[in-house]
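1. sequence and predicted structure, then a few things I'm wondering about:
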Amino acid sequence: MIYGAYGYTGELIVREAVRQGLQPIIAGRDSKKLKPLAEALGVEMRAFEVARTEGNLKDVTVVLNCAGPFSTTASAFVDACIDAHVHYVDISGEIPVFQLCHAQDARAAAAGIVLCPGAGFDIVPTDSLAAALKARMPDASRIDLAFSFGTKPSIGTARTILESAASGGLIRRNHRLVSVPNAYRIRRIPFPGGTRWGVSIPWGDVFTAGVSTGVPDGLVYCALPLTLGLPMRLTNFMRRFFAVPFVSNALYRLAERFFAGGPDADARVAERTEFWAQATNVHGQAITMKMSAPNVYAMTADTALAIAQRCLTNPGPGGYRTPSMLMGSAFILERSGYEVSYA
């Protein structure tokens, strides 16, 4: 089942699934939005609210949740999937969702089902890079990660960024998440296509890379112009206002105006996403990896379906898994369209 099937990324995933010869059940809240897609692709549809999931998972082995914000949808789905013995996969980049699933590890293991949030971009590529660096430097004490979108964000991604700004920054220090100001670190990042400014943000890998690798310290940078990074730092005193409903709703409406729809088909083919990752140990030794990858939304459709299919055919033991824990550190590095270098 693909829930949130008529959202921008959800529909991409549904169409890619059908192109690959799969016959998913598509689902979401709005039957009027589901019906045209179901009829066009010849697939079954189920319309229901996330809070009323019970009974709608009949004959379902895996749920792929594409309906954000995942901080709202994941909890009900995780409980329902554990009770129904259904594997749960989503494309979240939200740390509270990863923490939720991690906390349900024992319940999921007892039910024999996998919980694998973060099955697209954000964390699949960076989680794979972190795991690969850990394999090359077993004594790593720190792993820092960075990404450059290379594309127009979808509305779901834009909302996640706004929510992150309201909550402030996060880094991983001595195996714990530590609150820091927005734009806590600003530095130049040598991406494959050239050096750009990177601004630290509370992205999902701050939590998941620690789970995947056991490395105690790290943070995540997003490529942003310095003209955005510096105001983020200077306006930290205002961040509490971002959480006020009136202000946050106004910001969401503004995001919808500028980001609704995401990149078109031509842009998804032409655009590239770039990554940088560095592991260091207490002796000051460092290993760096760089990666050029497909557009983030094309990437998400590809990796989310691959992970869902693994849960269908060979999930392994139940419990919480990051993508690299479920698929192996080489998963993303061996897929077509990715260029990786070491230094």
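-> Looks like it arrived, so ask away. Numbering: from 1, shown residues only.

2. and the gap between residue 90 and residue 308?
-> 10 Å (CB to CB, to the nearest Å). Backbone N, C-alpha and C define where each C-beta goes, glycine included.

3. what of residue 295?
-> 20 Å.

4. same deal with residue 334?
-> On the measure of CB to CB, residue 334 and residue 308 end up 18 Å apart.

5. okay, those two: which has more neighbours?
-> residue 308 (24 against 10; other CB atoms under 10 Å).

6. remind me which helix or strand that one belongs to.
-> Following DSSP states H and E, one finds residue 308 within helix 296-313.

7. tell me the helices and strands packed up against that helix.
-> helix 8-19, strand 62-65, strand 87-90, strand 114-116, helix 123-136, helix 265-270, helix 323-327 (3 or more CB pairs under 8 Å, 6 or more residues apart in numbering; DSSP states H and E).

8. contact partners of the third one?
-> Translated: strand 87-90. Contact with strand 87-90 is made by 61-66, 70, 73-74, 77-78, 81-82, 97, 101, 108, 113-119, 304, 307-308, 311-312, 315, as judged by CB atoms under 8 Å, 6 or more residues apart in numbering.

9. drop the exposed ones from those residues and show what's left.
-> 62-66, 70, 73-74, 77-78, 81-82, 97, 101, 108, 113-119, 304, 307-308, 311, 315 (16 or more other CB atoms under 10 Å).

10. helices of the protein, start to end?
-> Ranges of helices within the chain are 8-19, 31-41, 70-84, 95-103, 105-111, 123-136, 155-167, 205-213, 226-234, 239-242, 245-259, 265-270, 296-313, 323-327, based on DSSP state H.

11. make CSV out of the ones you listed and add mean pLDDT.
-> Below are these laid out as CSV (pLDDT from 0 to 100):
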stretch, mean pLDDT
helix 8-19, 96
helix 31-41, 97
helix 70-84, 94
helix 95-103, 96
helix 105-111, 98
helix 123-136, 96
helix 155-167, 59
helix 205-213, 97
helix 226-234, 75
helix 239-242, 57
helix 245-259, 55
helix 265-270, 66
helix 296-313, 95
helix 323-327, 97
